[in-house]
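got a predicted structure here, sequence first:
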Amino acid sequence: MKDFKNSVVYQIYPKSFNDSNNDGLGDLRGVVEKLDYLEGLGVDYIWLTPFFVSPQNDNGYDIADYYNIDPAYGTMEDFEALVEGATKRNIKIMLDMVFNHTSTHHVWFQKALQGDPKYKNYYIFRKGENGNPPTNWVSKFGGNAWEYVEQFDEYYLHLFDVTQADLNWENPELRQEVYNVVNFWIEKGVKGFRLDVINLISKPDLLENDYIGDGRRFYTDGPRIHQYLKELNENTFGKHEDIITVGEMSSTTIENCLKYSNPDEKELSMVFNFHHLKVDYKDGDKWKLKEFDFAELKDLLNTWQTSMMEGNGWNAVFWCNHDQPRIVSRLGDDKNYHKQSAKMLATAIHCLRGTPYIYQGEEIGMTNPYFNDINKYRDVESLNYYNILREQGHTEEETYDIIMARSRDNSRTPMQWNSNVNAGFSEGTPWIGVIDNYETINVERNLSDENSIYNHYKKLIQLRKQYNVIADGIYEPMLVDHEAVYAYRRLLDNEVLIVLNNFYGKDTTVTLNIEDFDDYTCLLSNYESQNLTNQMTLRPYESIIFYKKTK
Ligand code: TEU
């Protein structure tokens, strides 16, 4: 049975989670050591970001061998121990598969470079135009998306780093290789797959210059994407009732998303889209700062929730992952209202229609590190953009303001377990610095405090299991024009849930129009609870879940 609707997924970035051998890098044994912690939180799946053999130019999203584990993370025995330990605790393992590209260290690419036509056709090689690359498409990490290969006088496409060569999904032999990989891991007991940038795999037949953009409009939700996903489903996970899948689909449209996730289409279980995480991008540009646009955020959440429901689609609901800054530093207030705002943001997401994802450290309110020294950054994208921003004429101070707000390293600092050296992550030197607030923000303190952020997340997970209305209810926006409160109602048979979230650090009043407000009880709040009334004052970042059930 696919039970993802009332499940919660916990994302682990193994490199930064827990280091069992004290070499400064987290590893699979480190995850095994923390299974009791994850069981205590109550999550159903753990999604592990890639730990396959890789030169680590993009921390494992540059895979050089899909069938083996990078020694830095451990061995196949360690992975088996992880599956076994997790299964005992009723936790399932979700792997992160990167099929838009491989590392250029992959044997397929190496054979391609030697001129083997079979393997050359696994990738996208094209002739240039008058000494220029085949098109003007831009890599997501900066610069042109084509790299010249002298011996062929041709270029290969890389939508990400130059060491991440895009695969040619037009080639049925390549597609078969992908099925083999997925089936191999299914045999190992994997019960979920997160498919990296999967809506970018279908490129148009004719690759041409983009005169109004960077090329993404040609390959995002590309021409044969639905066909490829249906075939992947049919040849791999579609044969297994109990496997769930989530596609990472950054800028997909509602129309496509409904196809990807409506069960009748037999493509994927659900989709991550990122539109709601671009509301603080100026002109849609990640590298231009802007205060977040609350009205836009509400509108996006309301529109996506409603459209997915109407078209029988399903979304992953989330604020955080290993590419995003920490949400409490971004939409909350990590200085004055750390606990309140972290809890409010959690409630806002966890009561939605969709499967909630928690990213390691989010459940204890981990913050951005505010590193203002480029030597402290590790991420290829941050390092590239530091230079690009400086070249664009930004002062050093402006550049740091942007990098501190936007770097993917914001979420990659070591998990803060306790107040021991390196936050209990490792006794060696961590590959990336530990945030200096670890003595106050850590797991140990959260576990011993009944009112901690951790216990709030734990309660939210329990509520999803206890009240069917959270997983299955319909969604209705409330207070759509309110300038500070994001509110919604969920309804199922005789159950009603009302969720009120104040997104700002000051009191605000709401006027509701509910006749039977006396029938509601408060299920969870981040303050001393108050009763539901038609005129309420919400305190800074206050959030409350009200519930009623009629006979
Ligand atoms: O990310 C895809 C992606 O487009 C972004 O989240 C990207 O990191 C961001 O827009 C850059 O500003 C996925 C992975 O989650 C990411 O870690 C990988 O680097 C990327 O794919 C390539 O595999």
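That came through fine.

get me the contact residues on the stretch 51-200 of the chain for the ligand.
58, 61, 98, 140, 160, 196-197 (Cβ under 6 Å from any ligand atom). Quick note: C-beta positions are derived from backbone N, CA and C, even for glycine.

residue of the stretch 201-350 of the chain closest to the ligand, please.
Nearest residue of the stretch 201-350 of the chain to the ligand (Cβ to the nearest ligand atom) works out as D323 at 3.8 Å.

secondary structure element holding S329?
According to DSSP states H and E, S329 maps onto helix 327-330.

er, P414 I mean
With DSSP H and E as the test, P414 turns up in no helix or strand.

can you start the count at 22 instead of 1 from here on
That works, and once the first residue is 22, the last one we named lands at P435.

pretty sure it sits against T450.
No - using Cβ atoms under 8 Å, P435 is not in contact with T450, being 10.8 Å away.

select, from the residues of the stretch 72-221 of the chain next to the ligand, the two members most distant in space.
Greatest spatial distance in these: V119 and K161, 13.5 Å, computed using Cβ to Cβ.

look at the two and report which has more neighbours.
V119 (26 against 17; other Cβ atoms under 10 Å).

and L46, that's in a helix?
No - read with DSSP: H, G, I helix; E, B strand; the rest coil, L46 is coil and lies in no helix.

shouldn't it be in contact with F38?
No - when contacts are counted by Cβ under 8 Å, L46 is not listed as touching F38 (10.1 Å).

so which of the two has more stuff around it?
Taking neighbours as other Cβ under 10 Å, L46 and F38 compare with F38 leading, 24 against 20.

separation between that one and I370?
When distance is defined by Cβ to Cβ, to the nearest Å, F38 is 21 Å away from I370.

now do H359
H359 sits 17 Å away from I370, going by Cβ to Cβ.

same check, this time on N472
20 Å.

again with N151
Per Cβ to Cβ, N151 is found 50 Å from I370.

do the same with R215
Taken as Cβ to Cβ, the span from R215 to I370 is 18 Å.

compare the two (neighbour count), which wins?
Remark: of R215 and I370, R215 carries more neighbours, 26 against 21, as counted by other Cβ under 10 Å.

what parts of the protein come near the ligand?
The chain comes close to the ligand at residues 79, 82, 119, 161, 181, 217-218, 269, 271, 307, 343-344, 402, as judged by Cβ under 6 Å from any ligand atom.

any stretches of this protein with poor pLDDT?
22-23 (pLDDT under 70).

repeat that with 80
The model of the chain has pLDDT under 80 over residues 22-24, 572.

just want the most central residue of it.
Residue closest to the average C-alpha location in the chain (Cα atoms, centre = their mean): N342, at 3.8 Å.

what is the neighbour count of the closest residue to the ligand within the stretch 372-521 of the chain?
For the stretch 372-521 of the chain and the ligand, the shortest gap (Cβ to the nearest ligand atom) falls at E402, measuring 5.5 Å. E402 has 21 neighbours, counted by other Cβ under 10 Å.

what helix or strand is it located in?
helix 401-412.

against which helices or strands is that helix packed?
Applying 3 or more Cβ pairs under 8 Å, 6 or more residues apart in numbering; DSSP states H and E, one finds that helix 401-412 contacts strand 306-310, helix 417-427.

mean neighbour count, the ones you listed: which tops it?
Across these, averaging neighbours per residue (mean count of other Cβ atoms under 10 Å) puts helix 417-427 on top, at a mean of 17.

quick one: contacts of that helix?
307-310, 346, 351, 389, 391-393, 395, 398, 403, 406-407, 410-411, 415, 431 (Cβ atoms under 8 Å, 6 or more residues apart in numbering).

can you rerun that using 6 Å?
Helix 417-427 is contacted by residues 307-308, 310, 391, 393, 403, 407, 410-411 when judged by Cβ atoms under 6 Å, 6 or more residues apart in numbering.

same thing with stretch 169-182?
78-79, 144-149, 154-155, 161-162, 166-168, 185-187, 401.

how long is stretch 344-351 from one end to the other?
The straight-line separation of the ends of stretch 344-351 (Cα to Cα, to the nearest Å) is 13 Å.

show me the contact partners of that stretch.
With Cβ under 6 Å, 6+ apart as the test, stretch 344-351 has contacts from 340-341, 355, 362-363, 366, 386-389, 429, 431-432.

try it again with 8 Å
Contacts of stretch 344-351 (Cβ under 8 Å, 6+ apart): 298, 301, 313, 340-341, 355, 359, 362-363, 366, 380, 382-383, 386-389, 426-429, 431-432.

so which residues of the stretch 272-421 of the chain form helices?
275-282, 315-331, 348-351, 359-371, 401-412, 417-427 (DSSP state H, counting those that start in this stretch).

next one: stretch 245-253 to chain centre, how far?
22 Å (Cα atoms, centre = their mean, to the nearest Å).

scratch that, stretch 454-464 is what I was asking about
22 Å.

how is this protein carved up into domains?
25-122+213-392+436-481, 128-186, 393-427, 492-570 (automatic domain parsing).

measure the first one end to end?
In other words, domain 25-122+213-392+436-481. Start-to-end, domain 25-122+213-392+436-481 (Cα to Cα) is 16 Å.

can you give the distance of it from its chain's centre?
Taking mean C-alpha positions (Cα atoms, centre = their mean), domain 25-122+213-392+436-481 and its chain are 3 Å apart.

do the second one as well
How far domain 128-186 lies from its chain's middle: 28 Å, per Cα atoms, centre = their mean.

ok, now the third one?
For domain 393-427, the distance from its own C-alpha centre to the chain's C-alpha centre is 23 Å (Cα atoms, centre = their mean).

one more: stretch 537-548?
31 Å.

list the contacts of that stretch.
Contact with stretch 537-548 is made by 360-361, 364-365, 368, 477, 480-481, 484, 488, 517-519, 535, 550-555, 560, 562-569, 571, as judged by Cβ under 8 Å, 6+ apart.

repeat the analysis, applying 7 Å as the threshold.
Outside stretch 537-548, the residues within contact range by Cβ atoms under 7 Å, 6 or more residues apart in numbering are 361, 364-365, 368, 477, 480-481, 484, 519, 550, 553-555, 560, 563-569.

against N80, how distant is S124?
Using Cβ to Cβ, S124 is found at 12 Å from N80.

my bad, should have said P225
With distances taken as Cβ to Cβ, P225 is found 30 Å from N80.

the two: which has the busier surroundings?
The neighbour count for P225 versus N80, taken as other Cβ under 10 Å, is higher for N80 (20 against 11).

next, the buried residues of stretch 500-511.
By neighbour count on 16 or more other Cβ atoms under 10 Å, the buried set for stretch 500-511 is 500, 503, 505-511.

ok, now stretch 70-80?
Of the residues in stretch 70-80, 70-75, 77-80 count as buried by neighbour count, 16+ other Cβ under 10 Å.

so which of these is the closest to N467?
Looking across these and measuring by Cβ to Cβ, the closest to N467 is T70, at 22.9 Å.

contact partners for the closest one?
Contact analysis of T70 by Cβ under 7 Å, 6+ apart lists 34-35, 81, 117, 343.

and with 10 Å instead?
By Cβ atoms under 10 Å, 6 or more residues apart in numbering, the residues touching T70 are 32-38, 80-82, 116-117, 119, 215, 217, 342-344, 381.

in strands only, show me those residues.
Of the positions in the contacts of T70, 32-33, 116-117, 215 sit in strands, assigned by DSSP state E.

and of those residues, the nearest to the ligand?
Closest approach to the ligand among those (Cβ to the nearest ligand atom): D117, at 8.0 Å.

what residues does D354 make contact with?
In this structure, D354 makes contact with 361-363, 525-526, 561-562, judged by Cβ under 10 Å, 6+ apart.

and the furthest pair within the residues you listed?
Among those, A363 and Y525 lie farthest apart (Cβ to Cβ), at 14.7 Å.

okay, these two: which has more neighbours?
The residue with more neighbours, out of A363 and Y525, is A363; 30 against 17, by other Cβ under 10 Å.
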